[in-house]
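1. the sequence and its predicted three-dimensional model are supplied below.
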Amino acid sequence: MQRIVKTLTLRDDPKLIEEYCEVHRNIWPEIRAGIKEVGVSTMDIYLLGNLLVMIIEASDDVDLDEAFSKLAGMPRQQEWEEFVARFQNCDPGSSSAAKWKPMTRIFSL
């Protein structure tokens, strides 16, 4: 099983942050289905202040770069990215890959 961890910051506005959380409690069905279809078995997003951390797991045979490229072209994915961009500290029109920055593991036990 492979795991990657990414981070992104939200705009530092409590109302926007709460709305972003609500959007993710009610994620569009096409987005959830697309994530699973490309081979992601687990995706968790954690929040601290306006910092998000996303943990993604997939089996070792899934090429995650290829999977996320495929995901970007799936139905409603671009619409979703444009919709959630208003909450995020990113350039308008940025892809998910451009917004979510990979983190480097510095310790493991």
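-> Arrived safely, thanks for sending. Numbering: from 1, shown residues only.
2. pretty sure residue 10 sits against residue 52.
-> Yes. With contact defined as Cβ atoms under 8 Å, residue 10 counts as touching residue 52 (6.4 Å). Where C-beta positions appear, they are placed from N, C-alpha and C, glycine not excepted.
3. please enumerate the helices of the protein.
-> 14-25, 29-37, 64-72, 77-85, 96-99 (DSSP state H).
4. which residues does the second one contact?
-> The reference is to helix 29-37. Identification of contacts with helix 29-37 by Cβ atoms under 8 Å, 6 or more residues apart in numbering yields 43, 71, 74, 75, 76, 77, 80.
5. that one to helix 64-72, inter-axis angle?
-> 160 degrees (axes from the mean of the first three to the mean of the last three Cα atoms, to 10 degrees).
6. could you do the first one as well?
-> Angle, helix 14-25 to helix 64-72, by the same axes, to 10 degrees: 90 degrees.
7. check which helices and strands helix 14-25 sits against.
-> strand 40-48, helix 77-85 (3 or more Cβ pairs under 8 Å, 6 or more residues apart in numbering; DSSP states H and E).
8. okay if I get these as CSV plus mean neighbour count and distance to residue 59?
-> Putting those into CSV (neighbours: other Cβ atoms under 10 Å; distance: least, Cβ to Cβ, whole Å) gives the following:
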stretch, mean neighbour count, distance to residue 59
strand 40-48, 13, 7
helix 77-85, 16, 22
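9. output those in CSV; the columns should cover mean pLDDT and distance to residue 102.
-> Formatted as CSV, those follow (pLDDT from 0 to 100; distance: least, Cβ to Cβ, whole Å):
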stretch, mean pLDDT, distance to residue 102
strand 40-48, 98, 14
helix 77-85, 92, 18
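10. could you dump the ones you listed to JSON lines with distance to residue 30?
-> Compiled in JSON lines, those are given as follows (distance: least, Cβ to Cβ, whole Å):
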{"stretch": "strand 40-48", "distance to residue 30": "14"}
{"stretch": "helix 77-85", "distance to residue 30": "8"}
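11. nice, that's everything, thank you.
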